[in-house]
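Asker: kindly generate the corresponding structure for this input.
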Amino acid sequence: MATNITFHPGSVDVSERTQLLSQKGITIWFTGLSASGKSTIACALEQHLLHLHKFSYRLDGDNIRFGLNKDLGFDEVSRNENIRRIGEVSKLFADSCCIVLTAFISPYRADRAVARELHEKAGLAFIEVFVDAPLSVVEQRDPKGLYKKARAGEIKDFTGISAPYEAPDAAEIHIKTNECDVEESVRIISGYLSKHGFI
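Answerer: Predicted coordinates:
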């Protein structure tokens, strides 16, 4: 635990930054099984938002493990730390008035609740998007061949097979990707953002 440190506030607060940039910061947190469509929808939504001239950025689960979280594995403790770090990073992005899109399996409700609480304490918006697809569907998709390896015992602690996924109890947005395509998913999320004054 770091000691002898003091938080150094800037000369611009959130409200002034929001006014100057004409944009509210927000974290849109995509959660769901591997191959449910989180990254695909997040990519499409990021492009849509940028075309609306909205400052947005996507944090993807695999991509983050090439850098910031490359020291973490996939056991429960590592997964907890993975999501803790992303909760902190996404809060910083949202504080800068960015619309940040996080696409992480984030299998545990408690970890997602911590990320939400970080934002709420800072007065920042947090929207949970449950990207939902049945296990049978994601196993059939299996674009990276991970489910096949997990079923063969080649991958330990694989969410949905040998590790749990705790579905959200009350996500702001629930998208069933076995029933709607990427375009419709983006439309649903954009509609929510528009209705609540974020775009």
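Asker: low pLDDT regions in the protein?
Answerer: With pLDDT under 70 as the threshold, the chain has no low-confidence stretch at all.
Asker: all helices for it, in order.
Answerer: If you assign secondary structure with DSSP state H, the helices in the chain sit at 14-21, 38-51, 61-64, 76-95, 109-121, 135-141, 146-151, 182-195.
Asker: quick one, the fourth one and helix 14-21 angle?
Answerer: Relative orientation of helix 76-95 versus helix 14-21 (axes from the mean of the first three to the mean of the last three C-alpha atoms, to 10 degrees): 60 degrees.
Asker: next, the buried residues of helix 76-95.
Answerer: Within helix 76-95, the residues that count as buried by 16 or more other C-beta atoms under 10 Å are 79, 81-83, 86-87, 89-91, 93-95. Using the backbone N, CA and C atoms, a C-beta is placed for each residue, glycine as well.
Asker: which other helices and strands does it contact?
Answerer: Packed against helix 76-95, as judged by 3 or more C-beta pairs under 8 Å, 6 or more residues apart in numbering; DSSP states H and E, are the following elements: strand 26-31, strand 56-60, helix 61-64, strand 99-103, helix 109-121.
Asker: quick one: residues contacting L135.
Answerer: With contact taken as C-beta atoms under 8 Å, 6 or more residues apart in numbering, L135 is in contact with 33, 160.
Asker: mind redoing it with 10 Å?
Answerer: Remark: with contacts taken as C-beta atoms under 10 Å, 6 or more residues apart in numbering, L135 is in contact with 33, 35-36, 147, 160-161, 165.
Asker: now neighbour count and distance to H51 too, for these, in CSV please.
Answerer: As requested, the contacts of L135 are arranged in CSV below (neighbours: other C-beta atoms under 10 Å; distance: C-beta to C-beta, whole Å):
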residue, neighbour count, distance to H51
L33, 24, 29
A35, 22, 27
S36, 28, 25
Y147, 22, 34
G160, 20, 34
I161, 19, 38
Y165, 18, 33
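Asker: ok, back up a step: JSON lines for the helices of the chain, including distance to W29?
Answerer: Below are these laid out as JSON lines (distance: least, C-beta to C-beta, whole Å):
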{"stretch": "helix 14-21", "distance to W29": "19"}
{"stretch": "helix 38-51", "distance to W29": "10"}
{"stretch": "helix 61-64", "distance to W29": "12"}
{"stretch": "helix 76-95", "distance to W29": "7"}
{"stretch": "helix 109-121", "distance to W29": "7"}
{"stretch": "helix 135-141", "distance to W29": "19"}
{"stretch": "helix 146-151", "distance to W29": "22"}
{"stretch": "helix 182-195", "distance to W29": "12"}
